[in-house]
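Asks: Below are the sequence and a predicted model for it; my questions follow.
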Amino acid sequence: EMERRLSEALRRHVPGVDRLVRFDRLSGGASQETYRIVVSAGGSERKLALRRMPGGVWSGGDAEPGRAGIRTEAELMRLAREAGVPEPEVVAVLEESDGLGEGFVMEWLEGETLGARIVRDESLAEVRPQLARQCGEILARIHSIDVGRTGLDRRLQTVSPRAFVEQTFAGYKLLRTPQPMVDYTARWLLDHLPEAPRTTLVHNDFRNGNIMVGPKGVVAVLDWELAHIGDPMRDLGWICTNSWRFGRRELPVGGFGDYADLFAGYEAVSGMPVDPAHVRFWEVFGSFWWAIGCLGMANHFRTGPDRSVERAAIGRRSSECQVDCVNLLIPGPVEVLEPPETASSLDMPRIDELVAGVRDLLRHDVMGATEGRLSFMARVSANALDIVL
């Protein structure tokens, strides 16, 4: 049914499309669905991408609080492209009559989006040292978009630093899962709020994993669903948050660069100096915000409708973000405890042996025998079993 509706929508909205050849869902995106589409156009094949609400939902124009809404997301990508930000061209925005939910179709761009590969892949070794400066330049262009002239001030929420901290903290309290480090960090943030920052368009999820990278650098900026109007240094702090370094902790900007290069790129395009202390506030906030965001993913898993193991696995990663808050706010030496030896058991095999067996099947057999989202979900499931162990 989706294939039929998608085929009809593409022929209706995208000039030159004759028919839908195939489509498949991509692995990334826990909050939105992304599909790779191949169409026939004038006798040759053309690749496109579809981004839509999970399950093909149509909200009737009412975006979820704190989110831009997927049609506004398409408009943001169009405006960013005009401002010189690398973006795919949006070729069609879905209508309710298409029966596919809210979404849009954009051109397909080639590049790497998986953060772990961006920081390690040998094919990107030459361009990695340039990425931090490029990110600074791109963020300056995003922040230069005139929210009044473009009408974004009527489509996006304006959020002050205080409101952002208080709203995030209030959402955490509703989850009813006390986490002492979250409470401690909230108090620190409220005591160290930036004084009278300027207000601009904020991408709000600009990080390694939401940029597409190719051999020449950043190919596209993705996932605009959390955009708002607020303090632009939020974007600089977020890309420096440890969760998005993918194990390369020594390189604070996305796991591929240094603060100095990020700030230099931003200052060169914007003409405005960057205060490192101001960025550090938002780096602390980033770990605080994502610690709570992970708990929210766990709540979605518990309450549905999307009970994906991906949400459950992300939920348990809140502890990592809280450790990052400790390292930022309470630095100092620690004693790492050795894990206890596995206790003997009369059970044959033991529970941990059963779990490890299923984990190894997923990681070594299912992942290699599948591709796309199924292979990705096998990896996530194996990681979830590591958490159980």
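Replies: Yes, it's here. Nothing here was measured: the structure is a model prediction, and the numbers come from that model.

Asks: so where's the stretch 151-300 of the chain shaky on pLDDT?
Replies: The model of the stretch 151-300 of the chain has no residue with pLDDT under 70.

Asks: Do a quick rundown of the helices in it.
Replies: Secondary structure of the stretch 151-300 of the chain, counting by DSSP state H, counting those that start in this stretch: helices at 161-174, 180-191, 233-239, 259-270, 276-303.

Asks: Okay, angle between the next helix-or-strand element following the last one and helix 276-303 too, please.
Replies: Spelled out, that is helix 276-303. Using DSSP states H and E, the helix or strand that directly follows helix 276-303 along the chain is helix 309-316. Between helix 309-316 and helix 276-303, the angle comes out at 130 degrees (axes from the mean of the first three to the mean of the last three Cα atoms, to 10 degrees).

Asks: And the pLDDT at residue 62?
Replies: Listed pLDDT for residue 62 reads 55.

Asks: Could you do the one 10 residues further on as well?
Replies: In the prediction, the pLDDT value recorded for residue 72 is 94.

Asks: Surely it touches residue 154?
Replies: No. Between residue 72 and residue 154 there is no contact under Cβ atoms under 8 Å: 10.3 Å. (Each C-beta comes from the backbone N, C-alpha and C, glycine too.)

Asks: higher neighbour count, those two?
Replies: residue 72 (18 against 8; other Cβ atoms under 10 Å).

Asks: Export only the CA atoms of the strand or helix carrying that one, formatted as PDB.
Replies: Per DSSP H and E: residue 72 is located in helix 70-82. Provided in PDB are the C-alpha atoms of helix 70-82 (Å, rounded to 0.1, in the frame of the first residue of the first chain):
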ATOM      1  CA  ILE A  70       8.300  18.400   9.300                       C
ATOM      2  CA  ARG A  71       7.000  21.000   6.800                       C
ATOM      3  CA  THR A  72       8.800  23.800   8.600                       C
ATOM      4  CA  GLU A  73      11.900  21.500   8.500                       C
ATOM      5  CA  ALA A  74      11.600  21.400   4.700                       C
ATOM      6  CA  GLU A  75      11.400  25.200   4.600                       C
ATOM      7  CA  LEU A  76      14.400  25.600   6.900                       C
ATOM      8  CA  MET A  77      16.500  23.400   4.500                       C
ATOM      9  CA  ARG A  78      15.400  25.600   1.600                       C
ATOM     10  CA  LEU A  79      16.400  28.800   3.400                       C
ATOM     11  CA  ALA A  80      19.700  27.400   4.600                       C
ATOM     12  CA  ARG A  81      20.600  26.300   1.100                       C
ATOM     13  CA  GLU A  82      19.900  29.900   0.000                       C
END
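
Asks: for the record, mean pLDDT for the helix or strand just after it?
Replies: As assigned by DSSP H and E, the chain's next helix or strand after helix 70-82 is strand 90-93. In this model, strand 90-93 carries a mean pLDDT of 95.

Asks: C-terminal to strand 90-93, what's the next element?
Replies: strand 103-107.

Asks: Only the buried residues of the helix holding residue 72, if you could.
Replies: Across helix 70-82, burial judged by 16 or more other Cβ atoms under 10 Å covers 70-81.

Asks: Between which two of the residues you listed is the distance greatest?
Replies: With Cβ to Cβ as the measure, no two of these lie farther apart than 70 and 81, at 16.9 Å.

Asks: Quick check, residue 138 in contact with residue 217.
Replies: No. Judged on Cβ under 8 Å, residue 138 makes no contact with residue 217 at a distance of 9.6 Å.

Asks: of the two, who's got more company?
Replies: residue 138 (26 against 19).

Asks: Are we agreed that the more buried one is in a helix?
Replies: Yes. The assignment for residue 138 by DSSP: H, G, I helix; E, B strand; the rest coil puts it in a helix.

Asks: Point to the residue nearest the middle of this protein.
Replies: residue 210 (5.2 Å; Cα atoms, centre = their mean).

Asks: shouldn't that residue be in contact with residue 221?
Replies: Yes. Here residue 210 reaches residue 221: they are 7.1 Å apart, a contact under Cβ under 8 Å.

Asks: so how far does stretch 367-376 reach from one end to the other?
Replies: End-to-end distance for stretch 367-376: 7 Å, by Cα to Cα, to the nearest Å.

Asks: Let's test this: mean pLDDT of that stretch, rounded?
Replies: 92.

Asks: buried set for that stretch?
Replies: Residues 367, 373, 376 are the ones in stretch 367-376 that count as buried (16+ other Cβ under 10 Å).

Asks: ok, now how distant is the residue of the chain most remote from its centre from residue 356?
Replies: In the chain, the residue that sits farthest from the middle, by Cα atoms, centre = their mean, is residue 346; the gap is 44.9 Å. Using Cβ to Cβ, to the nearest Å, residue 346 is found at 18 Å from residue 356.
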